[in-house]
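> Structure, please.
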Amino acid sequence: MLHTRDLIPTPIWNYQSIEFFEDLELWEGLDLANSFKYLTEVSFTDHIDIYTDASKNENGVGAAFVVPSKSIVQKFKLDGNLTVFDAEVIALTKAANFASLSFTLGANVRICSDSKSAISALKSFYWSKKPAPETVLCHTSLQEVVNMGIHLTLQWIPGHMGIPGNEQADVAAKDATISGEETSSAVTPSIVYAISSIIQKLKHESFINNQAKSSNWFVTKKQKQFFEKELYSKISRQQGKILFRLRSEHVGTNSYLARFYNENPKCSYCDQVETVNHLLLQCPVTDRHRQKLHDLMCANKLKDYHDLLGSSAAIDENVTVISAIVEFLHKISRDKSL
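Model (predicted):
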């Protein structure tokens, strides 16, 4: 029996992440299939691979997954009204459920699917306004795997390109339309509604959490919209762009770049993680350039970098502080890289 409480997603600021590979880089001189083989040999030799696929034909709708290293094949005959996309997502759900039951803390698992749309929907799950019922269940199942301490990668692979695991899954999915285990989506409309409400609540809590960290006034309280509008009218476009990025913390600090690229999150000058706070106020190597910032903080009774980026001081005082921030960033040659 599936309960709403079983599907509560982990808050996005406090969860172990699923690693997504939506694209496959072509290695020099290799086609997609051989590029995948090369990637596996270089980066995934210690992973257990699970391949999923789905099929819809005159016999019905089927989903399947295979685990070649363990000679496991699982086939599921689905409701004939489901789309191929639904079936692809259900195949991923079944694979995730298998992983959570079969592997333990520290295991490395890679689930491979030739459905780029399914992987994309799962990757953007928390930002989707109305996730499909099957996507809700699938993401929850995948998250359960990583919450167990299993390193999980979701990999797109090209279909019908001769990749053995994908070919096996393709055959199994076609067979599933005839002889698969009878199964159906366990997500009822009432559960979908409940989960949608929970997701919206989590999004709001995440927003409030990030707001508290970044003093991100300009996207929050209505009573401060006029203040922000006047403030931005008194600074240059370049200053406004830098201020926006610093406040939101979506800025070219090493800790931010490390979230998306294989970058070192530490400061280029010292051994500390380079956050917005570290960049503006903490790095000892650039301290000689920030005397003006320190003087303004003392004069305006600004306690920390949150106040520095959005204090309750008068407009003109804010403009002076923002100008000093941009001047400081220019002195340390970071105004262009943010």
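
> Show me where the stretch 151-300 of the chain has its strands.
151-156, 181-182 (DSSP state E, counting those that start in this stretch).

> Put the alpha carbons of the longest one into CSV.
In this case it means strand 151-156. In CSV, the C-alpha atoms belonging to strand 151-156 read as follows (Å, rounded to 0.1, in the frame of the first residue of the first chain):
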residue,chain,number,x,y,z
HIS,A,151,26.3,6.7,-5.3
LEU,A,152,23.7,6.9,-8.1
THR,A,153,24.3,8.1,-11.7
LEU,A,154,21.5,8.4,-14.2
GLN,A,155,23.1,8.2,-17.7
TRP,A,156,21.6,8.9,-21.1
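
> If you count contacts, what does that strand end up packed against?
Counting by 3 or more Cβ pairs under 8 Å, 6 or more residues apart in numbering; DSSP states H and E, the packing neighbours recorded for strand 151-156 are strand 19-21, strand 108-113, helix 116-123, helix 133-147. No exception for glycine: its C-beta is placed from N, CA and C like everyone else's.

> looking at the ones you listed, which is closest to G310?
Nearest to G310, of all the helices and strands packed on strand 151-156, is helix 116-123, at 31.5 Å by Cβ to Cβ.

> how many degrees apart are the closest one and helix 133-147 in direction?
60 degrees (axes from the mean of the first three to the mean of the last three Cα atoms, to 10 degrees).

> List the buried residues in helix 116-123.
118-119, 121-123 (16 or more other Cβ atoms under 10 Å).

> One more: stretch 302-310?
Within stretch 302-310, the residues that qualify as buried are 302, 305-310, counting by 16+ other Cβ under 10 Å.

> Would you confirm that L105 contacts H151?
No - look at L105 against H151 with Cβ atoms under 8 Å: they stay out of range, at 10.0 Å.

> between those two, which one's more packed in?
Counted by other Cβ atoms under 10 Å, L105 and H151 do not tie: H151 has more neighbours, with 19 against 8.

> Measure how buried the closest residue to the more buried one other than its chain neighbours is and give me the count.
Spatial nearest neighbour of H151, excluding adjacent residues (Cβ to Cβ, 6 or more residues apart in numbering): N108 at 4.8 Å. Using other Cβ under 10 Å, N108 has 15 neighbouring residues.

> Starting from K129, give me the distance back to N108.
Plainly put, N108 is 33 Å away from K129 if you go by Cβ to Cβ, to the nearest Å.

> cool, and R247?
Applying Cβ to Cβ to R247 and K129 gives a distance of 25 Å.

> Looking at the two, which is more packed in?
Between R247 and K129, counted using other Cβ under 10 Å, the more crowded position is R247 (20 against 8).

> N254 reaches E263, doesn't it?
Yes - at 6.1 Å, N254 counts as touching E263 under the criterion of Cβ under 8 Å.

> When the two are compared, which one has more neighbours?
With neighbours defined as other Cβ under 10 Å, N254 and E263 compare such that N254 has more, 17 against 12.

> Leaving aside the residues adjacent along the chain, what's closest to that one?
Using Cβ to Cβ, 6+ apart, the closest residue to N254 is E274 (4.1 Å).

> what's the one you found in contact with, if anything?
Listed by Cβ atoms under 8 Å, 6 or more residues apart in numbering, the contact set of E274 reads 253-255, 265-268, 283.

> For the residues you listed, please prepare JSON lines with the additional fields pLDDT.
Output for the contacts of E274, formatted as JSON lines (pLDDT from 0 to 100):
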{"residue": "T253", "pLDDT": "87"}
{"residue": "N254", "pLDDT": "86"}
{"residue": "S255", "pLDDT": "85"}
{"residue": "P265", "pLDDT": "86"}
{"residue": "K266", "pLDDT": "89"}
{"residue": "C267", "pLDDT": "89"}
{"residue": "S268", "pLDDT": "85"}
{"residue": "C283", "pLDDT": "90"}
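
> Which members of those are the farthest-apart pair?
Spatial extent of the contacts of E274 (Cβ to Cβ) is set by the pair P265 and C283 at 13.8 Å.

> what about the two, which has more around it?
Neighbours per residue (other Cβ under 10 Å) separate P265 from C283, with C283 holding more: 19 against 15.

> which ones are touching that one?
Contacts of C283 (Cβ under 8 Å, 6+ apart): 267, 269-270, 272, 274.

> and of the residues you listed, the nearest to I90?
So of those, ranked by how close each gets to I90 (Cβ to Cβ), first place is E274, at 42.7 Å.

> Would you mind measuring from the closest one to R245?
14 Å.

> Equivalent analysis for N254, please.
Here the criterion is Cβ to Cβ. By it, N254 lies 14 Å from R245.

> cool, and E182?
According to Cβ to Cβ, E182 stands 53 Å off from R245.

> So for the two, which sits in the more crowded spot?
R245 (16 against 8).

> pLDDT value on that one, please?
We have a pLDDT of 82 for R245.
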